[in-house]
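J.: with the input below, show me the fold.
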Amino acid sequence: MARHLIGTCTREGDLVAEGFTTSEATLTAAAELDRRAIALVPHFPLAQHIGTRLRATLNTAQLGRVQMRPTRPDQITRGLADRLGDVALVIAAPPPYETGGRPPRQPTERECAACRAELWMLTSQQLGLFLAGAWRVLRPGGVLAVITTLHHHAGRLIDPAPRIIGHAQRVRFRYAQHVIALRVPIDDDALVVQAGPADLAQLRDTGSASLPPTVNVHATVSLFTKPPRTAESDGPEGPNGGRTR
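T.: Numbering: from 1, shown residues only. Presented below is the predicted three-dimensional model:
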């Protein structure tokens, strides 16, 4: 997926940035396609793992095109302060829950307003800060690609894409299109889904009232563009509706 996005949205020598980095895939694809790339990796053990994989895959010249920076996604403007307005493509695959991979704790009526606001900030505001930061690091005409998947929460199937689209449009991104990317191979007219141990452990009796096990066979790639520079597009609106300075 990273190779397709980079090959379609950028040219040789362009700079690609990645938030919510979990593997070396984007850095490897960018280096092999003669692009430069920076990945935000705030967790040192993950950075060590990615560095080991990169050194085992890329040659010396390719390694010189990629780097990692110890910055959280919502601090992208700090991590790329020397590259503001220089990035051609930002790729992000945020986790289903923005609070570190866990469902956010639901506030109770007994909690103070400050406590409830803090919970909201852990989800909506951090996402908004990332999108506003992506606007600032992208050059005019640059592309933001956000990859999402459906997930179950509290007995409901949640699609995070509409929420992200709304956030991005408030930051003044133009919503270009969405692409359905299959995660499994196709055999004639059937999708080949291979169940792992965790999936097999979820198998239930056919008469069970519980939700069936879920298998992610596709991802949604939402594509946004930063309009060419005009008097009305010099800066995005922040997550609270104010201009980002």
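J.: how far does stretch 148-161 stretch from start to finish?
T.: Using CA to CA, to the nearest Å, the end-to-end distance of stretch 148-161 comes to 6 Å.
J.: tell me the mean pLDDT over it?
T.: Averaging pLDDT along stretch 148-161 yields 71.
J.: could you do stretch 73-86 as well?
T.: The model assigns stretch 73-86 a mean pLDDT of 95.
J.: repeat for stretch 165-173
T.: 91.
J.: just the CA coordinates for that stretch, please, in CSV.
T.: The C-alpha trace of stretch 165-173 is given here as CSV (Å, rounded to 0.1, in the frame of the first residue of the first chain):
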residue,chain,number,x,y,z
ILE,A,165,-12.9,13.4,7.0
GLY,A,166,-14.9,15.9,9.1
HIS,A,167,-11.7,16.9,11.0
ALA,A,168,-9.6,17.2,7.9
GLN,A,169,-12.2,19.4,6.1
ARG,A,170,-12.3,21.7,9.2
VAL,A,171,-8.5,22.1,8.8
ARG,A,172,-9.3,23.1,5.2
PHE,A,173,-8.1,20.0,3.4
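J.: ok, and for that stretch, which residues are buried?
T.: Of all the residues in stretch 165-173, those buried under the rule 16 or more other CB atoms under 10 Å are 165, 167-168, 170-173. All C-beta spots, glycine's among them, are computed from the backbone N, C-alpha and C.
J.: do stretch 11-24 as well
T.: By neighbour count on 16+ other CB under 10 Å, the buried set for stretch 11-24 is 14-21, 24.
J.: sorry, back to before: the buried residues of stretch 165-173 in strands, which ones?
T.: Residues of these located in strands (DSSP state E): none.
J.: what ranges do the strands span in the chain?
T.: Under DSSP E, the chain gives strands at 15-19, 36-40, 66-69, 87-92, 138-148, 151-153, 156-158, 174-182, 186-187, 190-191, 218-225.
J.: one step back: quick check, nearest of the buried residues of stretch 165-173 to residue 80?
T.: Of all the buried residues of stretch 165-173, residue 171 has the smallest distance to residue 80: 16.3 Å, by CB to CB.
J.: my read: the closest one touches residue 128, true?
T.: Yes: here residue 171 reaches residue 128: they are 7.5 Å apart, a contact under CB atoms under 8 Å.
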